[in-house]
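*Asks:* Model the following, please.
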Amino acid sequence: RFLPSCSVMLLNVVLYILGVASVGFASALKPSDIMIVMTAQESKVSRAGADSFVADLRQQFPEDPPQIELTHLYEEKIPRLGSWTIYPAVAYAAERSVSASWYVFLRERTELNLPLLIENLKDLDPAVHHFLGKDASDDHAWRKRRNHNAYHYLIPENDLKFPEIHAGVVLSQALVRDTTKKVVKDNMNFSIWPGLEFAWYIKERHDLFMTHAPFLCSGREQDKEKCATTHPTEIRTCGEPASYDDVLFAVKSTKKYHKMRLTGLYETWIKPPANVVVFSDAPDTELPEVVDLGIANQPKGHCAKMMKIIQSVQQEPYKKYKWVMVVDDDTLVYTERVLQLVSCYSHEDELFLGEIYGMTFLNGGGWPYNFMTGGAGTLFSRGALDKYDHSECRCGSPSAPDDMAIGSCLRFQKFPPVDPINVDEFHQDHPHVYPKAMLQATTPITLHHIYYEYVSPEDNHSYWYPIKEMYDVCLAKGDQPTSLTTCHWNQKQDGCPPPEELKAELKHRKEKLLGGEEALLAYEASDEL
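*Replies:* Numbers count the residues shown, from 1 in each chain. Presented below is the predicted three-dimensional model:
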């Protein structure tokens, strides 16, 4: 009896000395052991929100406040333009604090209940690798269609868990320390979905999958009594929305798509009181909103067309507008929400707003910069248009990617550089691409890649896009449409017609939109995309 009792006692003493006795460790976690990194942006409203967040936490914990870093103050140590991708901010946070037990990365509007966070972390050992987040990949329907998302073909793991970033990301001290020791170059140039890319980054280096943390919350079902983090789903507004008279919506199009694409926009959002102009490469007697730019359409990038649009809206009769939003002809826009959004900004400031993508943040090479992906929509303030110098911002070629050309110019040709502002409610793709958790984290303002039908020659699929339902359901509520189906040409599938009927139906739809078989033959003979 005596020897076993001594063995147990000795084991407990050893565990306590090593610092892994759970009771002893649990009682030690304090607010000052937490480092909070907020990816605030360089705008007045972002700064004000971040300052309020910091003041509130310090007021709650005056004697032992948490460590707080705001990314818009990083400039001397790490470019703030890459902090939204998480991994550049990890290295900076580790350098700023070696004493923190836990590192919490938040979006600028994420709300934090610090006592509840500590309660949920107290029994976890920060000396062990922990990667916590709200699982955005827990969507079986999305997993089945994930291969249609061309952005992430370089991330092959279909079972990879990744965080819904509006709920926050929590990393242990050990993981932050060891991650900064293993920074190597990768082949991924683009930063698009920071949660997915960071999860892949951690998996590649540490063979560690993210752990779903139910106390990290976003979306509709947020119980503040159980959630340490929450994020508002509504669009940020600052007083009364702007007037429709203040905003011009400029649509990029080409003659080939006046009927195939613009028809869907006229059925949804191109209507009074919105002020809309369609910039194209040919006039159209049936559509009075169409303006011929005199710029030939390009099969890929549209840099020359975009620069001509900017030049046009810098002048009369468009100079009266305080804001100009440029979108593609396959983009749905909830115009009322644009008016809410711009109420938080001054049109006199030099502002470029959109969904931000990044170049070369992950692979560590080249000249990193942010750019506003064009399909999601680009919102220019009048102050930005007045200062936009075409002698500084030029196209490498007429077919260069216009969004990347503008982003590169803002970073490298302008002095001082201008950082575009990310708008989480802008979407570069259609709702079928996004997991439900991502789509419902915010209230969408735009959706892209919306056609009546689209045939992909690469994977032989036909995507049936119910445009009206997308406008009424996806943009209005953030839900995925119920009738969106992906049909394969070469196989039978529930909910889809046989392949030969599918081809015939597609042909019939096009003829109806274009005005007959002869018009369809001319359309298909065109080499424009």
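
*Asks:* Can you show me the helices along the stretch 201-350 of the chain?
*Replies:* 257-260, 262-268, 303-313, 335-342 (DSSP state H, counting those that start in this stretch).

*Asks:* so which of those gets nearest residue 108?
*Replies:* Between residue 108 and the helices of the stretch 201-350 of the chain, the tightest spacing by C-beta to C-beta is seen for helix 335-342, at 14.4 Å. The C-beta positions use only the backbone N, C-alpha and C, and glycine is treated the same way.

*Asks:* what sits up against that closest one?
*Replies:* Contact with helix 335-342 is made by 235-237, 241-244, 246-247, 249, 269, 274, 322-323, 325, 353, 379, 423, 425, 443, 445, as judged by C-beta atoms under 8 Å, 6 or more residues apart in numbering.

*Asks:* Tell me the buried residues within those.
*Replies:* Buried subset of the contacts of helix 335-342 (neighbour count, 16 or more other C-beta atoms under 10 Å): 235-236, 241-242, 244, 246-247, 249, 269, 274, 322-323, 325, 353, 379, 423, 425, 443, 445.

*Asks:* now the helices of the stretch 201-350 of the chain in TSV, with mean pLDDT, distance to residue 293 and mean neighbour count?
*Replies:* Conversion of the helices of the stretch 201-350 of the chain to TSV gives the following (pLDDT from 0 to 100; distance: least, C-beta to C-beta, whole Å; neighbours: other C-beta atoms under 10 Å):
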stretch	mean pLDDT	distance to residue 293	mean neighbour count
helix 257-260	85	14	20
helix 262-268	85	15	19
helix 303-313	95	5	21
helix 335-342	95	23	21
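
*Asks:* Show me the one of the ones you listed that comes nearest residue 357.
*Replies:* Taking the helices of the stretch 201-350 of the chain one by one with C-beta to C-beta, helix 303-313 is closest: 15.9 Å.

*Asks:* circling back: compare the helices of the stretch 201-350 of the chain and give me the one nearest residue 209.
*Replies:* With distances scored as C-beta to C-beta, the stretch of these nearest to residue 209 is helix 335-342 (35.7 Å).

*Asks:* Dump the C-alpha coordinates for that closest one into CSV.
*Replies:* Listed next in CSV are the C-alpha coordinates belonging to helix 335-342 (Å, rounded to 0.1, in the frame of the first residue of the first chain):
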residue,chain,number,x,y,z
THR,A,335,-27.6,49.5,-54.0
GLU,A,336,-29.3,50.6,-50.8
ARG,A,337,-26.5,48.9,-48.8
VAL,A,338,-23.9,50.9,-50.7
LEU,A,339,-25.6,54.1,-49.5
GLN,A,340,-25.4,52.7,-45.9
LEU,A,341,-21.7,51.9,-46.4
VAL,A,342,-20.5,55.3,-47.6
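
*Asks:* Can you name the element that comes right after that helix?
*Replies:* Downstream of helix 335-342, the first helix or strand assigned by DSSP states H and E is strand 352-354.

*Asks:* Given that following strand, what are its sheet partners and their directions?
*Replies:* Strand 352-354 pairs in its sheet with strand 378-381 (antiparallel), strand 421-422 (parallel), by DSSP bridges.

*Asks:* so how far is residue 281 from residue 262?
*Replies:* 13 Å (C-beta to C-beta, to the nearest Å).

*Asks:* can you count the residues close to the closest residue to residue 289 other than its chain neighbours?
*Replies:* In space, and not counting its chain neighbours, residue 289 is closest to residue 278: 4.8 Å by C-beta to C-beta, 6 or more residues apart in numbering. Using other C-beta atoms under 10 Å, the number of residues around residue 278 comes to 21.

*Asks:* Would you confirm that residue 40 contacts residue 72?
*Replies:* Yes: with contacts counted by C-beta atoms under 8 Å, residue 40 reaches residue 72, the gap being 4.6 Å.

*Asks:* Any chance you could list residues touching both of the two?
*Replies:* 46, 47, 50.

*Asks:* got TSV for those residues, with neighbour count too?
*Replies:* As requested, the shared contacts of residue 40 and residue 72 are exported to TSV (neighbours: other C-beta atoms under 10 Å):
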residue	neighbour count
46	22
47	16
50	21
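
*Asks:* Just the closest of those to residue 287, please.
*Replies:* Nearest to residue 287 among those, with distances taken as C-beta to C-beta, is residue 46, at 38.6 Å.

*Asks:* part of a strand, is that closest one?
*Replies:* No: counting by DSSP: H, G, I helix; E, B strand; the rest coil, residue 46 is not found in a strand; it is helix.

*Asks:* distance of it from residue 36?
*Replies:* 16 Å.

*Asks:* quick revisit: return the subset of the contacts of helix 335-342 lying in strands.
*Replies:* Within the contacts of helix 335-342, residues falling in strands by DSSP state E are 247, 249, 323, 325, 353, 379.

*Asks:* quick one, what contacts the first one?
*Replies:* Neighbouring residues of residue 247 by C-beta under 8 Å, 6+ apart: 274, 275, 321, 322, 323, 324, 325, 335, 338, 339, 342.

*Asks:* For it, name its beta-bridge partners.
*Replies:* Residues in beta-bridge contact with residue 247 (DSSP bridges): residue 323.

*Asks:* need the shared contacts of residue 40 and residue 72 in TSV with distance to residue 293 and pLDDT, can you?
*Replies:* Shown next, in TSV, are these (distance: C-beta to C-beta, whole Å; pLDDT from 0 to 100):
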residue	distance to residue 293	pLDDT
46	34	88
47	38	86
50	41	88
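
*Asks:* and the closest residue to residue 232 other than its chain neighbours, which of the three is it?
*Replies:* Setting aside the residues directly before and after it, residue 232 is nearest to residue 109 in space (C-beta to C-beta, 6+ apart), at 6.0 Å. Secondary structure assignment for residue 109 (three-state DSSP): coil.

*Asks:* How much space separates residue 35 from residue 107?
*Replies:* In terms of C-beta to C-beta, residue 35 sits 16 Å off from residue 107.

*Asks:* tell me the mean pLDDT over the strand or helix carrying residue 521?
*Replies:* Element membership for residue 521, per DSSP H and E: helix 517-525. The average pLDDT within helix 517-525 is 77.
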